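Enquirer: show me how the following folds:
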Amino acid sequence: MMTSDLSRRSFLTRGTMAATGAALAPLAIASADREPVVDPKSPAAAAGTLWIGGDLQVSRLGFGAMRITGEGVWGEPRDAQAARAVLQRAVALGTNFIDTADAYGPNISERLIKEALYPYPRGLLIATKGGYVRPSREKWVPDGRPEHLRAACEASLTRLKLEQIELYQLHRPDPQVPYEDSIGELAKLQKAGKIRHIGVSNVDPQQLAKARAIVKVVSVQNRYNVAERGSDNVLAICEREHIAFLPWEPLAQSVQKSWRPDARLAALKAIAKERNIDTSRAMLAWLLTKSPVILPIPGTSRVDHLEDNVAAAKIKLSAQEMARVG
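Expert: Numbering: from 1, shown residues only. I've put the predicted structure just below:
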């Protein structure tokens, strides 16, 4: 594990800057504890790198481990060996940020990560989440009670075979529990050494402000893609405060499945056709170009899809192309 005594908020971003022309200034903070771990020659590193929490360096194209479970994010995968192979290939391609949650399966995604990758390679950051329960395939029920979060964190530590979770995220605010109580419990777990850094997910600006008043928040995970930008205001806060922004559903699956017209998606598809790349790569390239704090976490259960996604790391959209998309 990497260690650091940094006390100030720091977040060094390298690689692609915002295509709007207003590039964000990276925080160049010298510290002997900031140990680079990303192989600059790896395919994923072509996306650039960033530091989470000021002390954990990751390539700026992660992997979302939701889809390695069964259909509907429920139960065992159809081919567990293939699921483990995807995880191993992701790491081999230089992806050292894997996002998961105890609700995926439930519990199965975390277990597969341990089976595939333990003992973990140097520099691998496994981020997991707690705060949802799955009474059935169709139901996702928020549970932000402090006692549940503590039990969930302890169980994740056991499944992942870790002494400390380097990034633990509250999966969703629970409307039945004061948000401050949920975040406060994560602060206690951090103080106890169970978790290193704290992230939040599915939040609005007011909830993010509440969390940041209690703990140092190093990441936010919200739905965000070329067609769905309801979290633009949250992204703006993350840019200003140098907080990692992890867009879930980065490939706009819901919009594409609905077949409803979207002018921004149509513009990006036209650019992809002109460049002779597939739409998925163009979507990931758009996110990487949109903001230097964005860390996409596309997920898949197939190695060929994984390799296609990682290939997006080397694609840069021009300011003119970004303007066309809007």
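Enquirer: strands of the stretch 101-250 of the chain, residue ranges please.
Expert: Along the stretch 101-250 of the chain, the segments classed as strands by DSSP state E, counting those that start in this stretch run 125-130, 132-136, 139-142, 165-170, 195-201, 217-223, 244-248.
Enquirer: got those as a markdown table, with mean neighbour count and distance to L317 columns?
Expert: In this view, the C-beta of every residue, glycine as well, is placed from N, C-alpha and C. Converted to a markdown table, the strands of the stretch 101-250 of the chain look like this (neighbours: other CB atoms under 10 Å; distance: least, CB to CB, whole Å):
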| stretch | mean neighbour count | distance to L317 |
| --- | --- | --- |
| strand 125-130 | 26 | 26 |
| strand 132-136 | 15 | 34 |
| strand 139-142 | 14 | 34 |
| strand 165-170 | 25 | 28 |
| strand 195-201 | 25 | 27 |
| strand 217-223 | 24 | 21 |
| strand 244-248 | 25 | 16 |
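Enquirer: now tabulate these in TSV and tack on mean pLDDT and distance to V293.
Expert: Formatted as TSV, the strands of the stretch 101-250 of the chain follow (pLDDT from 0 to 100; distance: least, CB to CB, whole Å):
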stretch	mean pLDDT	distance to V293
strand 125-130	98	15
strand 132-136	96	25
strand 139-142	97	26
strand 165-170	98	15
strand 195-201	98	13
strand 217-223	98	9
strand 244-248	97	5
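Enquirer: for those strands, give me CSV that also has distance to G70.
Expert: Formatted as CSV, the strands of the stretch 101-250 of the chain follow (distance: least, CB to CB, whole Å):
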stretch, distance to G70
strand 125-130, 18
strand 132-136, 12
strand 139-142, 15
strand 165-170, 23
strand 195-201, 22
strand 217-223, 22
strand 244-248, 19
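Enquirer: of all these, which one is nearest I315?
Expert: Among the strands of the stretch 101-250 of the chain, strand 244-248 comes nearest to I315, with 16.6 Å by CB to CB.
Enquirer: export the helix or strand just after the closest one to PDB, keeping only CA atoms.
Expert: Once the chain leaves strand 244-248, the next helix or strand it forms, by DSSP states H and E, is helix 253-258. Only the C-alpha atoms of helix 253-258 are listed here, as PDB (Å, rounded to 0.1, in the frame of the first residue of the first chain):
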ATOM      1  CA  GLN A 253     -26.700   3.100 -22.600                       C
ATOM      2  CA  SER A 254     -30.100   4.300 -21.400                       C
ATOM      3  CA  VAL A 255     -30.300   6.900 -24.100                       C
ATOM      4  CA  GLN A 256     -29.300   4.600 -26.900                       C
ATOM      5  CA  LYS A 257     -31.700   1.900 -25.800                       C
ATOM      6  CA  SER A 258     -34.600   4.400 -25.700                       C
END
